[in-house]
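>>> I would like the atomic coordinates for the input below:
(chains A, B, C and D, ligands or ions: 5)
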Amino acid sequence: MSSPATTHPAPLLEVAQISKQFPGIKALSQVSLSLNHGEVLAVIGENGAGKSTLMKILAGVQPPDSGKLLIEGAEVSISDVEAALENGIALIHQELNLCENLDIAANIFLGREPASWNVINQQQTYLESQKLLKQVGLNLPPQTLVGDLTVGQQQMVEIAKALSINARILIMDEPTSSLSLHESEALFAVIRELKARGVSVIYISHRLGEVNDLADRVVVLRDGENAGDLDRASISHERMVQLMVGRNVSQFFPHTPHEPGQVVLEVKQLRTPAYPSHFINFSIRQNEIVGISGLVGAGRTELLQVLFGIDSPLSGSISVAGQEVQINSPRDAIRAGLALVPEDRKLQGLVLEMAVRENMSLASLTRDRKSLGRINFNQERNISEEMIAVMKIKTPSDSQIVQFLSGGNQQKVVLGKWLAMNPRVLLLDEPTRGVDIGAKEEIYTLMNQLASQGMAVLFVSSDLEEIRGISDRVLVMHEGQMTGELSRDEFSEEAIMQLATGQTLSHSQT
Amino acid sequence: MKKILGILILLIVVCGVTAISNENFVSAYNIQNVTRLTSLFGIISIGVAFVIISGGIDLSIGSVICLIGTMLPYLLAKGVPVPLAFLLVGVLSICIGLAHGLLITKLKLQPFIVTLCGLLIYRGVARGITEDQTQGFGTAHAGLRYLATGKIDLPFIEGFKLPVPFLIMLGLALLAAFLLNKTIFGRYLKAIGNNEAAARYSGIKTDKVVITAYVICSFLAGIGGILFGLDINSVQPEGIGNFYELYAIAAAVLGGCSIRGGEGTILGVVIGAALMRVLRNSITMLGIPSQLEFAIIGAVILVGVVSDELVKRYAQKRRAIQQARQTSG
Amino acid sequence: MKKILGILILLIVVCGVTAISNENFVSAYNIQNVTRLTSLFGIISIGVAFVIISGGIDLSIGSVICLIGTMLPYLLAKGVPVPLAFLLVGVLSICIGLAHGLLITKLKLQPFIVTLCGLLIYRGVARGITEDQTQGFGTAHAGLRYLATGKIDLPFIEGFKLPVPFLIMLGLALLAAFLLNKTIFGRYLKAIGNNEAAARYSGIKTDKVVITAYVICSFLAGIGGILFGLDINSVQPEGIGNFYELYAIAAAVLGGCSIRGGEGTILGVVIGAALMRVLRNSITMLGIPSQLEFAIIGAVILVGVVSDELVKRYAQKRRAIQQARQTSG
Amino acid sequence: NQQNGNGKKTVAFVTNGVDPFWVIAQRGAEKAGEDLDVNVEVRMPPQGVADQKRMVQELLAQNVDGIAISPIDPENQNELLKEIAARSILITQDSDAPESPRQCYIGMDNYTAGRMCGELVKEALPDGGEVMLFVGRLGQANARQRRQGVIDELMDRSHDGSRYDKPGEVIKNDKYSILDTRTDDFDHPQAKANAEDAIANHPNLKCMVGLFAYNPPLCLEAIRDAGKLKEIKVVSFDENEASLQGIMDGTVVGTVVQNPYQYGYESVRVLKALANGDKSVIPENEILHIPARKIRKDNVEEFWTELKSLLGDSAKKDPGQTVNETIKSAKKTDPGATPDPRYPQQQKEPQKDE
Ligand SMILES: Nc1ncnc2c1ncn2[C@@H]1O[C@H](COP(=O)(O)OP(=O)(O)OP(=O)(O)O)[C@@H](O)[C@H]1O
Ligand SMILES: Nc1ncnc2c1ncn2[C@@H]1O[C@H](COP(=O)(O)OP(=O)(O)OP(=O)(O)O)[C@@H](O)[C@H]1O
Ligand SMILES: O[C@@H]1[C@@H](O)[C@H](O)OC[C@H]1O
Ligand SMILES: [Mg+2]
Ligand SMILES: [Mg+2]
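Ligands and ions are numbered 1, 2, ... in the order given. This next block holds a predicted model:
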């Protein structure tokens, strides 16, 4: 089974026949892979394929049910995180795992504080942190509280922390999902340098472009099983997609041009709490898909949250279908015909402990209620069954607990919740973050359908391919300001990046 | 449902063992008494269940019982007519819940701290107003006292009479169960208890729902205060209701409410309250020294939650093994 | 630091107002008494601060005080030699903390529930063993009682003598502050309180750290029990320590510990305990009826946390406006 | 000793807890303060010994001229009592501390009062039967002494206040069996539940003895609910209005009353004299005995009328009011040495056995 393609007698790490069962789900079944010295190995696969689970097993966070781990040919037992660290394995988790009450240095050295007699040597942590921060390109004093950092900066701290371990094997589980292009570049430079030093890297990402650029070899997982390997020469977008979904994905971005109708949403002189000194103006029409691009922290999420009444605007006006509306709460926004699929579906989109049906009806319960505030159970069931059918949600029944669905299907449940409200304007914040290719395509198709049915779709994305692939029009933000607007024929990567970094377009004026 | 089953079995076992070793336990008289006290504690436990399901906690229940329980006789003694007195203490208990809810939602203060202050304040106020003097209804208001001490003949059963507080508790429990399971309020409450942000992002006015939960809790504590006062007819501001919040919370937790929020059933809570009362009664009936009462109750709760956890783990493991067998087979 | 400043100012204001209106407040005798009580409550508050910083809670402190406070004289009266008796109650208090910690970490039970059971059990056990009889050291063990009631002459200040418990508290506080701020354990504790998963993923044996926090808490509660017992020399099993956990938690919160975990300083906690004691003393000194004592303490805590919250918000808003000005300017 | 403010003496009256009983005492103390022109500070510690110590020390810090205290645990509180004596004037009331440097004790003997209670039980059950005792806390010395008095009387033992029978064991002779002593921690609902449990558990129970003021009325409530007024007798302690009403109605056999008003009044009077250096107020044996009395059906009416007339008319107006509230409006009593008319036979000699 495990037959390393390289010439090394024993690979640095060998994973042999690992299986892992969760209640209701076989997360890994007889998975094997090997990692060579100084190699960048990409592990890809759809949501729920078992990538993170495998990595957590390698890092000692979870024990496997069966299977073996070998380092340089010798079997090892990695029973906890400490054991993994002793074996030189460090994991950057998919989710941020930092203590916001501690400073950068404390986070970097958490668990490995330089100390004598249990007394921490603070000075040393600061000095060494400074070097590491420089290495990852983060220009901040190591005494800064992590709670004061942006998400992207926090991710860089995670990376600095992983570097400080001096691991032989560094595992990165979707490190770029919250990084801007700029920060991503810095990360790639770090990875190349590590590789040059002989460190092996396991790299997980849904961004196949990155994989293409970085990986020496690709291992594909599907439904918790090995689905194939690709060596450097045979890595291509198509091959990867094919192995991941088990079929050919022909047209990835199903864009059909729409004829824009009436203006449905108009924003004038809007100031948000995050950027109180900037005024935002824009409008969207029926049948239109508008993408908002920008770097991390550009204020896109903030804008959608103000539109949806999560935060209150400092000033300005919002009109829906020509009528000015006061939006001070999500309830007001919903009444005006808005819906928001939030950035973090687990934190803001779903009640994970509740059933699919109960999540799907959460927004429409009030509308459909019967006398005395009773729930209309029939209507609830109808809606959830209809949505499961329309969106092809993979779930055993509508009473399945949402927690047990895969990421893509969870995202569809959030979408279904809002489609049941029949909104005029659909706001989506990073709708495909952490969603696998198959589900991505389905979500794009759905956005297209909704737009052609007359909905106005406004979505935020940090994925440039996605922005360019499905938008009719692109708005670009930089530090809380709308820096430009591009029509479909102006969608070059360069143009978007120029606007996103606050420059004016070189070739034309908007 | 499974969570209720465990405690129900425990309740039945305790009843069975006690009944076998002391037949007086199943005398109509004893059952009436246990029922009455279960009802009183059941009412306050139902109240705190709403707060616990919303993900909060209320430590002020005992002091609310004290304040309302002293204010009613105090007002009546001052010559306030009965309906007005009831109205006043009702409004007072609602205002208390409202204050908790507002501080917790609008100022984002921790429920533990807000209601801890409440615990200190309300009893202090009651003691200040009454100057620490015991309040009672004397021999007047016998009709009123029927609410707490009255009993109703049952058509079919000889000898056993149903205590009126049981009917009050039953009514409140049915209402609470309806609220929790059949209305959008109940659904929202559970959603908030599990994930407040997701609820808010779904357009739920979470603050309103949470405030309502605290109002329900304080209001039921107020009803509890009235009934306790009417039952014993001697309300000592310094002593009444001390630690009752802990009994109520324990009953709710025994009955399957998770302190983390989002989970719980009214039936379970009532069974939990019944278990607590039956235990105390059984200890007497079994001739165990009363000093050990609390040690035993504490131990039973602990055993309850520990075995609940172990059973859950065992079930999970079994399921995993079965599935593994299915997959491989 | 900013959090401490607020409460420090409050403490100074309360002291100032009381001193002006009643000169007896600053008499050496009164200051000695307030210092002694502050020290006793300070010790248990420091203990609970560790648990609160770890993100937990301990409701059993009052009952641990009761159990240890009764067991020491009980053992001595049974003829157990002093060092052995100390050893036994010390081990007992550590075992209690260990049990809490193990149940909370290994069985993943809620701290609230585990220590609520502890609250019921330990007092029950103490009452059972002593058969509810008051325990005391009588006139024997005068040397021992020096630990709680002794006073030490100060070289420079006339008249004022330093109560021995203050020195004990000072030693423990310094040790605690050192643990919390300078050692790996303290760092881990804060990390766990803020983000347990992050700590675990960093290779920290979180269970061990959390268990240690509960052991520290119970151990300090045990020391508190010993000192309270030696101080009053008459330990009523049903009465001693009732609600002390709430005072300790309130002191810790007043002193800047967040009930959500991860935050807190020992200095703040000690100031918090001092404020609680000074308040009670001031109420007497100002001639306020003692029934209102708790109402006032509750109100002060509430005002404290509310203003803390409002100040935080105001500061945030100001910062936002300033930033806006900078960006636009 | 330093006076507060206007040169008046200040004396303090410290109780052992919060109870209606002590509110009556407070009125007496305050009346004496008015009559004798002294400031009176009354302190009621709700939380036992620790609270009592704190309150005493706060009073000492305020330089009061004398303290009359009801020590909760006299033996173990000796040091505190010494501290009072050292910084001020110490007398005890309600509960004595003979080992302490107190100058005088004002009150009765709880053990003897317990034996009087036992006599009432004997009167109620001449043929014997099952008896049960109810009290707030057994940790309190006066509760223990009273309980022991009842037990010793029923068991026909000699007069010895130092005996102690463990709770939880049935104590019996050929006539009486004392099944148990139930405590309730001042939790009134629990006090009632204790009485109910006793009724349910002991079908042959003949008599309930409530040793703290609130216990007898709650026993009575339980018995009335159970419809067992005929079968179970109640013997009471203290003058709770409901207990007195019960004696009138025949549902309560009788009660042993102390004279809390007098405790308060006399304490202030003695302290003032002592503060002025007048030691003549102290009897030779240092005990100002204010004896307990038995109130039965034959003298309850007289006692209660006296009580009401002493308290004024308002007591009759609103039956919803408690005794203690009405006492607030207490008006004219004879000042100083003349005792309160409710308690005519004030003796100044040591108590003897019956
Ligand atoms: N702790 C857990 N309990 C139950 N099920 C789990 C747990 N962790 C993971 N799973 C399930 O195991 C499967 C594999 O999950 P895993 O997180 O490894 O997928 P992944 O490949 O990393 O997906 P993604 O691309 O979305 O990160 C999923 O179905 C997931 O729901
Ligand atoms: N909860 C918060 N507290 C403080 N600052 C915040 C908060 N959320 C966002 N910000 C700040 O507000 C600004 C706008 O952030 P926003 O999340 O809207 O950006 P974004 O373009 O959506 O980026 P992202 O890709 O991170 O979602 C940033 O400077 C961010 O750091
Ligand atoms: O000591 C007091 C006692 O004499 C009375 O009977 O009840 C209340 C007690 O505090
Ligand atoms: Mg993953
Ligand atoms: Mg965003």
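>>> what about stretch D:209-221, how long is it end to end?
Using Cα to Cα, to the nearest Å, the end-to-end distance of stretch D:209-221 comes to 13 Å.
>>> how distant is the longest helix seen in chain B from the center of its chain?
Across chain B, the longest stretch assigned as helix under DSSP state H is helix B:293-328. The chain centre lies 25 Å from the centre of helix B:293-328; the measure is Cα atoms, centre = their mean, to the nearest Å.
>>> what's the answer for stretch A:155-170, then?
From the chain centre to the centre of stretch A:155-170 is a distance of 20 Å (Cα atoms, centre = their mean).
>>> Buried ones in stretch A:211-226, by neighbour count?
Of all the residues in stretch A:211-226, those buried under the rule 16 or more other Cβ atoms under 10 Å in any protein chain shown are A:211, A:214-226. Every residue, glycine included, has its C-beta placed from N, CA and C.
>>> Sort out for me which of those residues are in helices.
Residues of the buried residues of stretch A:211-226 located in helices (DSSP H): A:211, A:214.
>>> With pLDDT added, can I get the buried residues of stretch A:211-226 in JSON lines?
Shown next, in JSON lines, are the buried residues of stretch A:211-226 (pLDDT from 0 to 100):
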{"residue": "A:Val211", "pLDDT": "91"}
{"residue": "A:Leu214", "pLDDT": "92"}
{"residue": "A:Ala215", "pLDDT": "94"}
{"residue": "A:Asp216", "pLDDT": "95"}
{"residue": "A:Arg217", "pLDDT": "95"}
{"residue": "A:Val218", "pLDDT": "95"}
{"residue": "A:Val219", "pLDDT": "96"}
{"residue": "A:Val220", "pLDDT": "94"}
{"residue": "A:Leu221", "pLDDT": "93"}
{"residue": "A:Arg222", "pLDDT": "89"}
{"residue": "A:Asp223", "pLDDT": "85"}
{"residue": "A:Gly224", "pLDDT": "89"}
{"residue": "A:Glu225", "pLDDT": "92"}
{"residue": "A:Asn226", "pLDDT": "93"}
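>>> which one of the buried residues of stretch A:211-226 is nearest C:Ala49?
Nearest to C:Ala49, judged by Cβ to Cβ, of those is A:Gly224 at 45.5 Å.
>>> Skip the chain neighbours and tell me the closest residue to that closest one.
Spatial nearest neighbour of A:Gly224, excluding adjacent residues (Cβ to Cβ, 6 or more residues apart in numbering or on different chains): A:Gly50 at 4.3 Å.
>>> Got the phi and psi for that neighbour?
Geometry field for A:Gly50 lists phi and psi as phi 110, psi 10, criterion degrees, to the nearest 10.
>>> And the helices in chain B, which stretches?
With DSSP H as the criterion, chain B has helices spanning B:2-21, B:28-53, B:61-77, B:82-105, B:111-130, B:142-149, B:164-182, B:184-194, B:196-201, B:206-232, B:244-254, B:266-285, B:293-328.
>>> Show me the shaky parts of the chain.
In the absence of a named chain, chain A is used. By pLDDT under 70, the low-scoring segments of chain A are A:1-9, A:23-24, A:247-252, A:505-510.
>>> You answered for a different chain; I wanted chain B.
For chain B, the stretches with pLDDT under 70 are B:1-2, B:320, B:323-329.
>>> now swap in the stretch 1-150 of chain D and tell me
D:1-6.
>>> Please name the residues that touch the residue nearest to A:Gly224.
Residues counted as contacts of A:Gly50 (Cβ atoms under 8 Å, 6 or more residues apart in numbering or on different chains) are A:20, A:27-28, A:31, A:221, A:223-224.
>>> let's go with 10 Å and repeat that
A:18-20, A:25-29, A:31, A:43, A:57, A:221-225 (Cβ atoms under 10 Å, 6 or more residues apart in numbering or on different chains).
>>> Please enumerate the helices of chain D.
Using DSSP H, helices in chain D cover D:20-36, D:48-61, D:78-87, D:110-124, D:141-154, D:188-201, D:215-226, D:241-249, D:260-275, D:297-311, D:314-317, D:323-327.
>>> so how far is the second one from its chain's centroid?
By that I understand helix D:48-61. A distance of 21 Å separates the centroid of the chain from that of helix D:48-61, by Cα atoms, centre = their mean.
>>> does that helix come close to chain C?
Yes. Helix D:48-61 lies within reach of chain C by Cβ under 10 Å from any Cβ of the partner chain, at D:48-61.
>>> neighbour-wise, which of those leads?
D:Val49 (29 neighbours; other Cβ atoms under 10 Å in any protein chain shown).
>>> surely it meets C:Gln236?
Yes. The criterion here is Cβ atoms under 10 Å, and D:Val49 meets it with C:Gln236 at 6.1 Å.
>>> Now do the shared contacts for these two.
C:134, C:136, D:72-73, D:76, D:139-140.
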